[in-house]
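> turn this into a structure:
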Amino acid sequence: MIDDDIKMIKSSGNIFTDLGFDEVEASTLHIRSLLMLEIEHYIKRQAITQFEAARQLGITSSSVDDLLNGKLSLFTIDALVNMLARIGSHVEVVVIPPQQKAA
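Numbering: from 1, shown residues only. Okay, here's the model as predicted:
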């Protein structure tokens, strides 16, 4: 059965903002999710086990499982950047200053 009352809402570009998180928290969650996805892609590209991924990332196998299951709250941005560095990835940060209001 199709529901004719479905509304489509344009995304802000950040799913966490769309879900109602405040701007700061949504930004942090978005960054963490992007870093976690890079690690997940690495593990899949290398076709390595969770045990081997843990060894390369410098974390436990259970932490790899948490990472692959998207448990964002368990990992800081610093920890994720360190893991990426351990596997040879280079992380760049781009800061976009707020636009100044016209006088």
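
> what's the closest non-adjacent residue to the residue most central in space within the chain?
If you average the C-alpha coordinates of the chain and look for the closest C-alpha using C-alpha atoms, centre = their mean, you land on S33, 1.0 Å from that point. By the measure of C-beta to C-beta, 6 or more residues apart in numbering, the closest residue to S33 outside its immediate chain neighbours is L72, 6.2 Å from it. (C-beta placed from N, C-alpha, C; glycine too.)

> burial of that neighbour, as a residue count?
Residue neighbour count, defined by other C-beta atoms under 10 Å, stands at 17 for L72.

> report the buried residues of stretch 48-55.
For stretch 48-55, a neighbour-count test (16 or more other C-beta atoms under 10 Å) marks 50, 53-54 as buried.

> and it, average pLDDT?
When the per-residue pLDDT values of stretch 48-55 are averaged, the result is 98.

> please save the CA atoms from that stretch in PDB.
What follows is stretch 48-55, C-alpha atoms only, in PDB (Å, rounded to 0.1, in the frame of the first residue of the first chain):
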ATOM      1  CA  ILE A  48      41.600  -7.900   5.900                       C
ATOM      2  CA  THR A  49      40.100  -9.500   9.000                       C
ATOM      3  CA  GLN A  50      38.900  -7.500  12.000                       C
ATOM      4  CA  PHE A  51      41.900  -9.000  13.900                       C
ATOM      5  CA  GLU A  52      44.300  -7.700  11.300                       C
ATOM      6  CA  ALA A  53      42.500  -4.300  11.000                       C
ATOM      7  CA  ALA A  54      42.800  -4.000  14.800                       C
ATOM      8  CA  ARG A  55      46.500  -4.700  14.700                       C
END
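
> in three-state terms, label K10 for me.
When states are read from DSSP: H, G, I helix; E, B strand; the rest coil, the local structure at K10 comes out as coil.

> so how far is H30 from it?
Here K10 is placed at a distance of 17 Å from H30 (C-beta to C-beta, to the nearest Å).

> neighbour count: those two, which is higher?
When K10 and H30 are compared on other C-beta under 10 Å, the one with more neighbours turns out to be H30, at 17 against 6.
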